[in-house]
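> coordinates for the following, if possible.
(2 chains)
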Protein chains: 2
Amino acid sequence: MPAMKPLEGIRVVDASRIVSGPVCAWLLASLGAEVIRVEAPGGDVTWQAPPWVGPDGVHRGERGPRDLGLSPLRRGRGKKSVVLDLKNEAGLALFRRLLAKSDVLVENFVPGALARLGLDDDTLEALNPRLVHCSITGYGHDGPYARRSSLDLVVQAMSGLMAKTGFPDGPPTKVGATVGDQVPAVYAALGIVAALRQRDRDPEGRGQKVDVAMLDALVSLLWDEPLDEYAARGVPERVGNGDPRGAPLDVYRTADGWVAVVVTAQGQWEEMAAVVGRPELAKAWPTPASRLQNRDAVNGVVADWCRTQKTDVVVERFRAIGAPVGPVQGAFSAVDDPQVRHREALVPLRHPDAETPSDYVGPAFPVRLSRADTDTAPADPLGASTDAVLRDVLECSDEELAALRDEGALG
Amino acid sequence: MPAMKPLEGIRVVDASRIVSGPVCAWLLASLGAEVIRVEAPGGDVTWQAPPWVGPDGVHRGERGPRDLGLSPLRRGRGKKSVVLDLKNEAGLALFRRLLAKSDVLVENFVPGALARLGLDDDTLEALNPRLVHCSITGYGHDGPYARRSSLDLVVQAMSGLMAKTGFPDGPPTKVGATVGDQVPAVYAALGIVAALRQRDRDPEGRGQKVDVAMLDALVSLLWDEPLDEYAARGVPERVGNGDPRGAPLDVYRTADGWVAVVVTAQGQWEEMAAVVGRPELAKAWPTPASRLQNRDAVNGVVADWCRTQKTDVVVERFRAIGAPVGPVQGAFSAVDDPQVRHREALVPLRHPDAETPSDYVGPAFPVRLSRADTDTAPADPLGASTDAVLRDVLECSDEELAALRDEGALG
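Numbers count the residues shown, from 1 in each chain, chains lettered A, B, ... in the order given. Below is the predicted model of the structure:
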């Protein structure tokens, strides 16, 4: 018996671009939704970036009709690609018909753009009262910034996240992952699945609007710590790799790299003092408060010892006393990590026409569900499912398809 | 008519500690679940950190019985606090009875700890086949790292996120928000709601295990970019605040701060060249490829102009030409941002006995649902709902409660 899928029977129209919306819709595809990605002729900017993965492997020449760049290959998994020109009247009409027959719309247009297409909230609700309409924007649909365009870097800057990342004597620092796009993407998926469950239980079966702002999501992420209390106490906004709330708690240089170490328990500190060759310090700084008061000295003792040891040795010695510890691993080396391999957290990306996967990898759906299959089909080449979807979902005849193509509705 | 709640009728037992589990369960409470937080006598370490918010306001003296620290005040919103000693036989029996009458268990014990309490996966399933059991761990329940304890800092280090954050000539850098805890928390909530929808549609109404590893979640976050391709191309792992894929695209110093600027369109570049007083550059570097080839020079021109201008002026001039731009705002100043205020992305935290909110704030549920009320009741003082929950859910009599208290089951 095949595993069930949590979103079986749900049809999603993904009319989004670049990162946040496409990632959200990929999460929904992983949960079993039928996802139809509606793209403009030519696709978004992510379709322009080589290398290309095509039926015959990877190349860097001109993009062929069934070639995919790495972003569409990754974020398009589990989706059917349909090209519709929403600036064409007939193309827009097809989009409306598709929404009328779908459960979810995911989009990340700037506020107002859908209304200019004649699809304001009231019209969408009239078109399909069951529709869950998820909009991901920089700042939301209301308030003084509502009309501004945004991007990951800008939201990282405005949320305070950059100001809080880095060293006290260094500049504000960008987070090395697109958290400004992806955290909202996960929140959007959560909001959508919650709205679907609410619809299931609503006697009238109504959908609703799911409004996710990138700024809200990053502010939420930051303020799970009491930043207002830190400010009142005069804690610097950037604290580097340590933490003003504890010691030893930092990232230390080793003879051949870096290691992250946290001491959480009294016994661990006593044993650590012995490991670093300073057993007398267990009594000199016997309490968390005394270690915090002498934070620089405590961190210095640990740092001095780590500098003389290889990373593997530090990890092994500190792990033996139960302290959470880990090497700072390279940004590109997760593919080689034994746990990542074991968990299959990164999976090969396969072109739909290829029998074997490419050498490139992408993230697996990062939640393991014991009774659900979260694998997805490979991504579609641009527009590869236009005809099939219009036939199957909208019951277009061959004559209609030909006419639509002539009109320019399909790009 | 009151707004519906997506998780109405769902009872969650939150047996988790510190950050990831408690944040996940708070998200579920915001979506309308009844959340019962089961805490050990004394509570977890987050109950030990002053200042205290009590019935009479904020203080830093000894913690009173109804006082809450800032973390429980924030992460405990929408939850009932029940103190059970799971090391006590009668306490553990109550926990089992509670699980038998619940829909969801959220926990972040290290792998094996629940089994040592006699609650391995098979036992849990036999106890309540409808239960959705969500486990958040550092590395998951299988694989070579499964038994290791972990924390945000360590997972940031091991995932490659620290190696990718910071400047090429600087050290690996910790992200200034606890993404290693919170991203898994949001994924966990997504997995739980998806599993509940699957259960709703399963003729046998079965729950399932939702296994979320902090490492998987951060690896997924990082690898939405093609890091394997970057590595092959020799891109450095840390690229600072810029991006090797475009220019102008960086964070620039201004006369009084920093500003994040991205040029996404050709027209924007032409107008920007004029704004920075170098209109001839529009033709000197006419294409994205030519600007990328001269990336340092292009960024240098923009940097030189920004350095002479106040942040407000840079933002206004670049916004006028449609470029995504924003000031680097202070880590502590989101409370004062007009958009954050308008969206009420940060909300005052109120003690349940107080008529007015405290001066401290916490994040609102970061998804706006048009038909659902995501506000929550204030957090409970430690153990404040022990008796009420045991009476209402487990139908314990006053005599039973007294006996349980005598036995030490309730701490």
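> which helix in chain A has the most residues?
Taking DSSP state H as the criterion, chain A has its longest helix at helix A:179-201.
> measure residue A:360 to residue A:366 for me?
Using C-beta to C-beta, to the nearest Å, residue A:360 is found at 18 Å from residue A:366. For every residue, glycine as well, the C-beta is placed using N, CA and C.
> so these two - more neighbours on which side?
Using other C-beta atoms under 10 Å in any protein chain shown as the criterion, residue A:360 and residue A:366 rank with residue A:366 on top: 26 against 21.
> distance check, that one against residue A:303.
Look at residue A:366 and residue A:303: by C-beta to C-beta, they are 33 Å apart.
> repeat that for residue A:190.
For residue A:190, the distance to residue A:303 - C-beta to C-beta - is 40 Å.
> mind listing what residue A:198 touches?
Residues near residue A:198 by C-beta atoms under 8 Å, 6 or more residues apart in numbering or on different chains: A:208, B:4, B:5, B:6, B:369, B:371, B:372.
> look up how far residue A:274 lies from it.
In terms of C-beta to C-beta, residue A:198 sits 56 Å off from residue A:274.
> how far away from the center of its chain is whatever helix or strand residue A:72 lives in?
In the assignment (DSSP states H and E), residue A:72 maps to helix A:70-75. On the basis of C-alpha atoms, centre = their mean, to the nearest Å, helix A:70-75 sits 13 Å off its chain's mean C-alpha point.
> helix or strand right after it?
Following helix A:70-75 toward the C-terminus (DSSP H and E): strand A:79-83.
> show me what the next helix or strand after that next one is packed against.
As assigned by DSSP H and E, the chain's next helix or strand after strand A:79-83 is helix A:89-100. Applying 3 or more C-beta pairs under 8 Å, 6 or more residues apart in numbering or on different chains; DSSP states H and E, one finds that helix A:89-100 makes contact with strand A:11-14, strand A:34-39, helix A:121-127, helix A:398-407.
> how about a cut-off of 7 Å?
helix A:121-127 (3 or more C-beta pairs under 7 Å, 6 or more residues apart in numbering or on different chains; DSSP states H and E).
> so which bits of the helix it packs on are buried?
A:124, A:125 (16 or more other C-beta atoms under 10 Å in any protein chain shown).
> which residues sit against it?
A:96, A:99, A:100, A:131, A:133, A:209 (C-beta atoms under 7 Å, 6 or more residues apart in numbering or on different chains).
> what sits against residue A:158?
Counting by C-beta under 7 Å, 6+ apart, residue A:158 has contacts A:215, B:326, B:327, B:329.
> where does the stretch 151-300 of chain A have low pLDDT?
Nowhere does the stretch 151-300 of chain A drop to pLDDT under 70.
> go again using 90 as the cut-off
Judged by pLDDT under 90, the stretch 151-300 of chain A has its weakly predicted residues at A:244-246, A:263-267, A:288-289.
> how about the helices of it, start to end?
A:152-159, A:161-164, A:179-201, A:214-222, A:227-233, A:266-275, A:281-284, A:288-293, A:295-307 (DSSP state H, counting those that start in this stretch).
> residue B:59: which of those is closest?
Shortest distance between residue B:59 and those, using C-beta to C-beta, is found for helix A:227-233: 13.3 Å.
> what residues sit buried inside the closest one?
Buried-residue list, helix A:227-233, by 16+ other C-beta under 10 Å: A:227, A:228, A:229, A:230.
> and for stretch A:257-276?
Counting neighbours by 16+ other C-beta under 10 Å, one finds that the buried residues in stretch A:257-276 are A:257-264, A:268-273, A:275-276.
> do it and chain B meet at all?
Yes - Stretch A:257-276 is in contact with chain B by C-beta under 7 Å from any C-beta of the partner chain, via A:258, A:260, A:262.
> run through the stretch 301-411 of chain A and note the low-pLDDT ranges.
Residues of the stretch 301-411 of chain A meeting the criterion pLDDT under 90: A:411.
> which stretch among the helices of the stretch 151-300 of chain A comes nearest residue A:250?
Residue A:250 lies closest, by C-beta to C-beta, to one member of these: helix A:295-307, at 5.2 Å.
> okay, the angle between that closest one and helix A:266-275?
If you take axes from the mean of the first three to the mean of the last three C-alpha atoms, to 10 degrees, helix A:295-307 sits at 50 degrees to helix A:266-275.
> just the CA trace of helix A:295-307, in PDB.
The C-alpha trace of helix A:295-307 is given here as PDB (Å, rounded to 0.1, in the frame of the first residue of the first chain):
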ATOM      1  CA  ARG A 295      33.800  35.400  31.100                       C
ATOM      2  CA  ASP A 296      36.800  36.600  29.200                       C
ATOM      3  CA  ALA A 297      39.200  34.700  31.400                       C
ATOM      4  CA  VAL A 298      37.100  31.500  31.200                       C
ATOM      5  CA  ASN A 299      36.800  31.700  27.500                       C
ATOM      6  CA  GLY A 300      40.600  32.500  27.300                       C
ATOM      7  CA  VAL A 301      41.500  29.400  29.200                       C
ATOM      8  CA  VAL A 302      39.500  27.200  26.800                       C
ATOM      9  CA  ALA A 303      40.800  29.100  23.800                       C
ATOM     10  CA  ASP A 304      44.400  28.700  24.800                       C
ATOM     11  CA  TRP A 305      44.000  24.900  25.100                       C
ATOM     12  CA  CYS A 306      42.000  24.500  21.900                       C
ATOM     13  CA  ARG A 307      44.600  26.400  19.900                       C
END
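> can you check what angle separates the helix or strand just after that helix from helix A:266-275?
Remark: after helix A:295-307, the chain's next helix or strand is helix A:311-320, criterion DSSP H and E. Helix A:311-320 runs at 140 degrees relative to helix A:266-275, counting by the same axes, to 10 degrees.
> which secondary structure elements does helix A:311-320 sit against?
Using 3+ C-beta pairs under 7 Å, 6+ apart, helix A:311-320 sits against strand A:258-262, helix A:266-275, strand A:325-327.
> related to what we said a few turns ago, buried ones in the longest helix of chain A?
Applying 16+ other C-beta under 10 Å to helix A:179-201 flags A:179-199 as buried.
> could you tell me which residues of the stretch 301-411 of chain A lie near chain B?
Checking the stretch 301-411 of chain A against chain B by C-beta under 7 Å from any C-beta, the hits are A:319, A:324-335, A:338-340, A:342-343, A:345-346, A:360-363, A:366-372.
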